[in-house]
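A.B. asks: would you be able to build a 3D model of this:
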Amino acid sequence: MSAQLGPATAAVRRFLGIGEREPIELTAFVEGRIMVAHARTAEEHVRLLGETDRMAGFNGAYMLVNGPIDDALLARYEVGKWHKAWNGRASDRDIGLRRALFLDVDPVRKALLAYTFTRLIGMHRMAR
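C.D. replies: As a prediction, the model looks like this:
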């Protein structure tokens, strides 16, 4: 596990306002399959991300940044372990708060993919 994983995870959690003991949902992509894990603490969060190093075919992971998540969501899978996402993942109704909205903005795109300025302003208004 990378020595930077713990401090980087702590920094992201602080930035997003995730409490030390607030459960979050993690998602990993392994050989084209979706895996899910729920972490109850920051330490568990780091441990679970570290376990992805040993997953054959691991392609990447992300965390659900919005929350807090509904406690009932934790009953879907055993907490603190990775599982195949056979019983679904968090949906909008499981989330109590939008903490962040990440936008992917490319300065240069192919002509057919570029949004107009008017369209970008409309998306900005919708996001607020």
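
A.B. asks: can you map out the strands along the protein?
C.D. replies: Assigned by DSSP state E, the strands in the chain fall at 24-30, 33-39, 58-63, 83-84.

A.B. asks: and the contacts of the first one?
C.D. replies: The list of residues contacting strand 24-30 from outside it, by C-beta atoms under 8 Å, 6 or more residues apart in numbering, reads 18, 34-39, 45, 48-49, 52, 55-64, 67, 69, 73, 82, 85, 89-90. Just so you know, the C-beta spots here come from the backbone N, C-alpha and C atoms, and that holds for glycine as well.

A.B. asks: from residue 85, how far out is residue 92?
C.D. replies: For residue 92, the distance to residue 85 (C-beta to C-beta, to the nearest Å) stands at 17 Å.

A.B. asks: actually residue 125, not the one I wrote
C.D. replies: 33 Å.

A.B. asks: settle it for me: which of the two has more neighbours?
C.D. replies: residue 85 (17 against 8; other C-beta atoms under 10 Å).

A.B. asks: isn't that one right up against residue 34?
C.D. replies: Yes: under the criterion of C-beta atoms under 8 Å, residue 85 makes contact with residue 34 at 4.3 Å.

A.B. asks: what sits against the residue lying closest to residue 48 once chain neighbours are set aside?
C.D. replies: Among residues not flanking residue 48 along the chain, residue 37 sits closest, at 4.8 Å (C-beta to C-beta, 6 or more residues apart in numbering). Going by C-beta under 8 Å, 6+ apart, residue 37 touches 25-26, 28, 48, 77, 80-83.

A.B. asks: quick one: those residues as TSV, columns for distance to residue 118 and neighbour count too.
C.D. replies: Shown next, in TSV, are the contacts of residue 37 (distance: C-beta to C-beta, whole Å; neighbours: other C-beta atoms under 10 Å):
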residue	distance to residue 118	neighbour count
25	35	24
26	37	20
28	38	21
48	43	22
77	44	20
80	47	15
81	47	14
82	44	20
83	44	14
